[in-house]
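Trainee: Here is a sequence with its predicted model. Questions after.
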Amino acid sequence: MTIKQASTPLTPVQVAWLGALLVSAQWPLWGHVLTWNAIAGAALVVARVALPPQWRALTRHRRWLLPLLAIAGALGIRTELGYFLARDPCVEFLYLLVGIKFIESRDTRDGTLLICLALFLSLTQFFYLQTIAAALSMAPVLLALGGALASLRAGASIAASEWRAQLRATTRLILQGIPIAALLFVIFPRIAGPLWGTPTEAGGRSGLSDTMSPGSISDLSLSDAVAFRVDFNGPPPPPALRYWRGPVFSRFDGREWRAVYKLLPGRFVPRQGPTIEYTVTLEPHGKVWLFALEHPLSLPRSPSNDARAPTTSDIAYLSYDQQLTAKVPVAQAIRYTERSSLRDSYSGTDENPRESLQLPLNNPRTLAFAKEMRQGVDSDRAYVNAVLNWFHKEPFVYTLTPPLLDRDPIDGFLFDTRRGFCEHYAGAFTVLLRAAGIPARVVTGYQGGEMNPDGDYMIVRQSDAHAWAEALLDGQWQRFDPTAAVAPSRIEHGLGSAMAAGEPVPYFARIEMTWLKDLRLQWDAVNYQWQRGVVGFNIERQRDLLREFGFEDARPWQLVAVVAGAVFFWGMLVLGATRLRRSRVDAEVALWNALCRRLGRAGLERAPEEGPLAYTRRAGQRWPQWAAVLARIGERYAQLHYGPREPKRELILAELKTGVDTIPGPRALNEGSRSSSVTTVQPETIE
């Protein structure tokens, strides 16, 4: 038969430390959870710490009130998100449950469970972000964790005034453990994926959609978020050739463009003309497409030079319309190296262009206009040039805020408003070509990119989202960009140069370079190196690093021996530094401080102005069985620290040490367990 050990009630100091730990774990999630849930979860924690009378009034009803609160929260999350068994709703529910559990916690057993829940909750922020700021947000969690553990261990003897000492001790332990953690991070076997990689809901990411309608890309272009970054093996291409190919749309219902999916593999373009090699770091967007400069010469491969690194042929393929597609959604940041041809055309002789000629029956003015213009030219290429010249000569306006178009949007754009963004021009241009019997389709992706001078890499943002067209002429699919005919500065110098004054241009898309923009570019360079070196530290990069240090062919036991030796050396170094630091303090001061800490944890704090004789006299009144020992300790410390240099200093110091060692720990002092069995120690009197 086992006896269940009783758990002691939580003290106000323990509740305060646990509350600090929970708030530290909650606040990095405030930008990712529902607003009402963020407020409710944090309010529960604050109420438990700051409003004890109200908390006591609720204890009578907690058995039915708190379960009702949990059920209401679950129903609210299900209603807001529309589903429950996935990452986002589970994080939302855990966020709320932690606050509910804190409200009903009563003893140290509950406190231990809360520490485990808080640590798990703090890790969920890495499901959303793996930036330097996210890593730094763990510092308050670790500091509060040290205080919470110390308070639970000390029990009722810990004093509220010791919080600074607990923070200092925790900080010291963290700093001492950083080298060991860094070593284990480098040596520990890597999983086949980035750090904190996790599946994600597609709705939580921004980027190009699998459809295109008027206003879809202009709305996306209002964002400064990073789509991907590119490291070039050589000089970057000129701005006019920075077309990053993405989803291709061939099906048009009169308003919206969609892709046509076929089980038809694509053919890589031949290696003719200028080529360029680069490495893309793609941010997660929840879709299946990858991005490459037109046109890729091969499937993407790992950026590692290791021949044993896995290839990407089993995770990506090239579609018939020259689109690089992943076999699973891009749910975490990935890096791949690609080589592309900078040609603006590729062969389409083996492709049936029937879906690229399909047109709905609406937009009658556009169809009539195309028929009339086609009669005035003698070839398909001449017709295409005539349409581009018409866009260039007519008073079209390139704008981020085009008017809404309801019925027959192509007609309304071409002949009424004449104000639109790239998707308006690409869609209308494609319809004009199809109406003349020329196979054409819309291509979306990104155009442009900004070189970061601090990191020597290119940043492609959502504001660089673009749409263009391609037409089948003489057996070749050739790129045409009607936006270049209307606003050529958009292609040569970026979005900001093509917008009129007053347009809502995103901050990083603006032409002028300000000190704030330069500062943010520097921070982006630092964060990019963090992403590459820490978040993206995968098995290939680990092999490269081990190769540099000569451990390429090391056996597992050899790596374990190296780690164990390094940890042992660092431990001896830390212990030696600790002993050296203590030796620099006068021995009597160290002994006196140890006694003061012991008595303080027992509930008797020394006042700043209180001398050793007065303090030990007050301690003797609280613990009469130790009054004589405490009095002699106070006398000997005052004699050594404030009196003249004694010839028998070593003997007096030994007597002080004996007295300090005799005083028991805080728990024994409070329980009085030794009071009946301890004989008062009478130290030898030094004449």
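Mentor: Yep, that arrived. Numbering: from 1, shown residues only.
Trainee: what's the helix or strand for residue 70?
Mentor: According to DSSP states H and E, residue 70 maps onto helix 62-81.
Trainee: hmm, who's touching stretch 81-98?
Mentor: By Cβ atoms under 8 Å, 6 or more residues apart in numbering, the surrounding residues in contact with stretch 81-98 are 22, 25-26, 29, 32-34, 37-38, 40-41, 44-45, 70, 73-74, 77-78, 114, 117-118, 120-121, 124, 127, 198-201, 204. C-betas here are computed from N, CA, C, even on glycine.
Trainee: Name all residues that make contact with the residue lying closest to residue 457 once chain neighbours are set aside.
Mentor: Residue nearest to residue 457 in three dimensions, not counting chain neighbours: residue 231, with 4.9 Å by Cβ to Cβ, 6 or more residues apart in numbering. Residue 231 is in contact with 278, 279, 281, 456, 457, 458, counting by Cβ under 8 Å, 6+ apart.
Trainee: The helix or strand harbouring the third one packs against which elements?
Mentor: Assigning secondary structure by DSSP H and E places residue 281 in strand 275-282. Strand 275-282 is packed against strand 226-232, strand 292-293, strand 334-341, with contacts defined by 3 or more Cβ pairs under 8 Å, 6 or more residues apart in numbering; DSSP states H and E.
Trainee: again, only this time at 6 Å
Mentor: The helices and strands touching strand 275-282, judged by 3 or more Cβ pairs under 6 Å, 6 or more residues apart in numbering; DSSP states H and E, are strand 226-232, strand 334-341.
Trainee: And the contacts of the last one?
Mentor: Which is strand 334-341. 269, 273, 275-277, 279-282, 292-293, 295-297, 300-301, 303, 536 (Cβ atoms under 6 Å, 6 or more residues apart in numbering).
Trainee: buried residues in the next helix or strand after it?
Mentor: Per DSSP H and E, strand 334-341 leads on to strand 345-347 as the next helix or strand towards the C-terminus. Using 16 or more other Cβ atoms under 10 Å as the test for burial, strand 345-347 gives 345, 346.
Trainee: try stretch 481-495
Mentor: 481, 482, 483, 484, 485, 486, 487, 488, 490, 491, 494, 495.
Trainee: what's the last one in contact with, if anything?
Mentor: Residues counted as contacts of residue 495 (Cβ under 6 Å, 6+ apart) are 463, 509.
Trainee: quick one: it from residue 524, how far?
Mentor: 18 Å (Cβ to Cβ, to the nearest Å).
Trainee: With the fourth one instead?
Mentor: With distances taken as Cβ to Cβ, residue 484 is found 28 Å from residue 524.
Trainee: So for the nearest residue to residue 476 once chain neighbours are set aside, what's the pLDDT?
Mentor: Of all residues beyond its chain neighbours, the one nearest residue 476 is residue 345 (4.4 Å), with distances taken as Cβ to Cβ, 6+ apart. For residue 345, the model assigns a pLDDT of 89.
Trainee: lowest average confidence, helix or strand, in the chain?
Mentor: The helix or strand of the chain with the lowest confidence, counting by mean pLDDT, DSSP states H and E, is helix 52-58 at a mean of 54.
Trainee: does the residue nearest the centre of the chain count as helix, strand or coil?
Mentor: Residue closest to the mean C-alpha point of the chain, counted by Cα atoms, centre = their mean, is residue 129 at 1.5 Å. Following DSSP: H, G, I helix; E, B strand; the rest coil, residue 129 is assigned to coil.
Trainee: So what does it look like in phi/psi?
Mentor: Main-chain torsions, residue 129, degrees, to the nearest 10: phi -140, psi 140.
Trainee: Kindly report the same for residue 551.
Mentor: Here the main-chain torsion angles of residue 551 (degrees, to the nearest 10) amount to phi -110, psi 30.
Trainee: And for the one 10 residues further on?
Mentor: Note on residue 561: backbone dihedrals following degrees, to the nearest 10 are phi -60, psi -40.
Trainee: Which pLDDT does the model give it?
Mentor: pLDDT, read off for residue 561, is 84.
Trainee: From residue 543, how far out is it?
Mentor: Taking Cβ to Cβ, one finds residue 561 at 19 Å from residue 543.
Trainee: Quick check: which element contains residue 572?
Mentor: Under the criterion of DSSP H and E, residue 572 resides in helix 556-583.
Trainee: Could you pull out the buried residues of that helix?
Mentor: Within helix 556-583, the residues that qualify as buried are 563, 574, counting by 16+ other Cβ under 10 Å.
Trainee: so after it, what's the next helix or strand?
Mentor: Next element after helix 556-583 (DSSP H and E): helix 587-601.
Trainee: Which strands or helices does whichever helix or strand comes after that following helix pack on?
Mentor: Later in the chain than helix 587-601, the nearest helix or strand by DSSP H and E is helix 612-622. On a contact count with 3+ Cβ pairs under 6 Å, 6+ apart, helix 612-622 meets helix 627-641.
Trainee: okay, the helix it packs on in CSV with CA atoms only?
Mentor: Included here for helix 627-641 are C-alpha records, laid out as CSV according to Å, rounded to 0.1, in the frame of the first residue of the first chain:
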residue,chain,number,x,y,z
ALA,A,627,20.5,32.2,20.4
ALA,A,628,24.0,31.5,21.8
VAL,A,629,25.5,30.3,18.5
LEU,A,630,24.0,33.3,16.6
ALA,A,631,25.2,35.8,19.2
ARG,A,632,28.8,34.4,19.0
ILE,A,633,28.6,34.5,15.1
GLY,A,634,27.6,38.1,15.2
GLU,A,635,30.4,39.0,17.6
ARG,A,636,33.1,37.1,15.7
TYR,A,637,32.0,38.6,12.3
ALA,A,638,32.1,42.1,13.8
GLN,A,639,35.5,41.5,15.3
LEU,A,640,37.0,40.3,12.0
HIS,A,641,35.3,42.7,9.6
